[in-house]
Structures are given as structure tokens and as C-alpha cells.
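Q: Okay, structure incoming, though there's no sequence with it:
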């Protein structure tokens, strides 16, 4: 019963905020989004702690990388929350049907890489992560170029889940939920459709591959390598980032899947190669990745901390 009440309250809050935000001009909406982000940084102690701890543990790696801009863990975490606040108000505008201008203003770089992949006639698997406004990435590409079916986890709140699904479908995109996703993905690619896969969430060790990510071991998903090898569909990395008031989507050349004969070694090589794209993104846009997620849970380093080693 308490869970049901919390779901209703969360949904009511989203509806109220989305209605208010939809009335604001885009620049004012982004300013409001940064304010919302700062408010949540102050109030949501658990997620703030996770973000700061994740960034602090990754700083030794980041500080050794060419092009690193610097910053403390707390400063970068605060800016991460501000970016998430901007994403929230953008999604609110999209939900209220006020987001066409936002979609039209997205800049695309590297479209030729998508076109070359699509020309192979085997569908395309977009490889991305929780970077920038990842919902806008899928919606703007689907609206302006080709529909995408995005692999997603159902939200714990079924009412919010229904709202997000409504946004995606209103702009022509589909949703493939993780339960039973593999069969649906192969079916979509067989029809020469486009599938979007976010590869930066923690997975259980039984179904993952251990890779180095931002200087620490983390479990990575096997799915992209399996999809590329079994279906022959090109894997095209693509990410969205924010530059001031603009959102920019960058598509990269098709990722060449491993030619190693051993399936485990091949999957590991592909997981490492695709993870490197996310590392490069974090180096360039450190406050636009989803630091509030427990990305390193179940990893050997996390187990050692729990054991006090």
C-alpha cells in the first residue's frame, strides 16, 4: 500500500512539473532544470553519495588521461545533477508535446557512418550509454531519420513507466523490454530495423564480462557482441552530449567485432573495445554520464571493500 502511494505521488509530481515546465521558453526551462538538479543534489543524499564516491574512485584514472579538464569529485557530481535536471525538463517538454523544437535543434555528426551501416541491409544496432539526454538521442533520431526500438528496463513505478513508454511511441519509436529482449532484437534486425542498446549498466557476473572501466574492474554486458556475431548487423556507437543549450549526437564508424575463434575471448575483446567508447565520452564530458548508478557493484574491487581488504 505504501509503495502504491509513493508511485502515485511520484507520478503526480512528474505531471505537475511537466505541465509547469512545458510553459517555459527553452532557455528558461534549462535554467529551471539546473535549479532542479541542484535541489536534488542537496536533498537526495543516497544518490549524491554514490555519485561522489564513483567520481572520487575514478579520478586517478581520469587525471592521467589526455584532455582531462580537472575538477573535484563534489564539483563534478553537482554538475552531473544539474545536467540530469536539464534532461528532466527536456523530457517533460517532450511528454507535453512541446518538444518538436528541441528535436529539430539537435545536431547530428557522423550520419555517414549510419548510412554506410544501413546500406548493408542487415539492420543496425546502435551502441550507446546513459550519456547526456539519452532519451532525446533515440527520439530525435527516430523522428528525423528512422524509427528505433530501444532495449530498456521497466521502471519500478508502473505509472511512470507508462508515461515514458507513451513519449517513446508518440515520436514513432518502440520499446523492447529486457525480459525476452534477445528474441525481439533478432526479429527486429531481421526486418532491417534499428535497435538501440545501452551498455553501461552493471550486470550480474553470471551473464557479464569483467573489463576495466575508468581504472577499475566492472562487469560489462555480453549482448552487443552476441548480436553482432549472430545477426551480422553492424554495431554503430553513438552518443549525445550537451554544448550550452544545444544537444549534439555523434555517430562513429561501425565497430568491427572480434575475429578471435574462442567465443569467450572474442566477447571479452568486444566488451573492452565498446567500453572504451564510454571512457572516452566520460573524459570529454565528465558531468554528462550517469554517475549516480552503482556501476561497479559485484566487481572484485567492490567485494574487497565490503570484506574490508
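A: Looks like it arrived, so ask away. Quick caveat, the model's predicted, so the values are computed rather than measured.

Q: measure the residue nearest to the spatial centre of the chain to residue 196 for me?
A: Nearest to the mean C-alpha position of the chain, by C-alpha atoms, centre = their mean, lies residue 130 at 1.8 Å. Plainly put, residue 130 is 12 Å away from residue 196 if you go by C-beta to C-beta, to the nearest Å. Any C-beta I mention is one placed from the backbone N, CA and C, and that applies to glycine too.

Q: same thing with residue 131?
A: 12 Å.

Q: give me phi/psi at the closest residue to residue 108 other than its chain neighbours?
A: Distances taken as C-beta to C-beta, 6 or more residues apart in numbering put residue 249 closest to residue 108, at 5.2 Å, once the chain neighbours are dropped. Backbone torsions of residue 249, given as degrees, to the nearest 10, read phi -110, psi 130.

Q: Verify the contact between residue 249 and residue 140 for me.
A: Yes: assessed by C-beta atoms under 8 Å, residue 249 is found in contact with residue 140 at 6.9 Å.

Q: Spit out the residues that contact the two alike.
A: Common neighbours of residue 249 and residue 140 are listed as residue 106 (criterion: C-beta atoms under 8 Å, 6 or more residues apart in numbering).

Q: hey, where'd the helices end up in this structure?
A: Secondary structure of the chain by DSSP state H: the helices cover 2-22, 26-43, 45-63, 73-95, 100-105, 111-118, 134-144, 158-170, 181-190, 223-231, 263-284, 300-307.

Q: which stretch among those comes nearest residue 124?
A: With respect to residue 124, and counting by C-beta to C-beta, the nearest of these is helix 111-118 at 4.9 Å.

Q: Quick one: distance of that closest one to the chain centre.
A: Using C-alpha atoms, centre = their mean, to the nearest Å, the mean C-alpha position of helix 111-118 is found 21 Å from that of the whole chain.

Q: Stretch 254-274 too?
A: Remark: stretch 254-274 is offset 22 Å from the chain centroid, using C-alpha atoms, centre = their mean.

Q: How about stretch 161-174?
A: Stretch 161-174 sits 16 Å away from the centroid of its parent chain (C-alpha atoms, centre = their mean).

Q: Ok, stretch 174-191 next?
A: Relative to its chain's centre, stretch 174-191 lies at 18 Å (C-alpha atoms, centre = their mean).

Q: that older thread, my guess is the residue nearest to the centre of the chain meets residue 197, correct?
A: No: between residue 130 and residue 197 there is no contact under C-beta under 8 Å: 11.9 Å.

Q: any idea how far residue 273 is from residue 265?
A: For residue 265, the distance to residue 273 - C-beta to C-beta - is 13 Å.

Q: For these two, list the residues in contact with both.
A: By C-beta under 8 Å, 6+ apart, the residues touching both residue 265 and residue 273 are residue 258.

Q: what comes up buried for stretch 252-272?
A: For stretch 252-272, a neighbour-count test (16 or more other C-beta atoms under 10 Å) marks 252, 254-255, 257-258, 266-272 as buried.

Q: Stretch 228-237 spans what distance, first to last residue?
A: The first and final residues of stretch 228-237 sit 12 Å from each other (C-alpha to C-alpha, to the nearest Å).

Q: repeat for stretch 282-294
A: 16 Å.

Q: That one: how far from the chain's middle?
A: 10 Å.

Q: again, but for stretch 20-27
A: Put simply, stretch 20-27 sits 24 Å off its chain's centre (C-alpha atoms, centre = their mean).

Q: Mind checking the pLDDT average for it?
A: The pLDDT scores in stretch 20-27 average 84.

Q: List the buried residues of that stretch.
A: 21-22, 24, 26.

Q: ok, now stretch 25-45?
A: By 16+ other C-beta under 10 Å, the buried positions in stretch 25-45 come out as 26, 29-30, 32-34, 36-37, 40-41.

Q: Format the residues you listed as CSV; extra columns: distance to residue 95.
A: Shown next, in CSV, are the buried residues of stretch 25-45 (distance: C-beta to C-beta, whole Å):
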residue, distance to residue 95
26, 15
29, 13
30, 16
32, 15
33, 14
34, 19
36, 15
37, 18
40, 19
41, 23
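
Q: Can you get me a residue count around residue 178?
A: Neighbours of residue 178 under the rule other C-beta atoms under 10 Å: 12.
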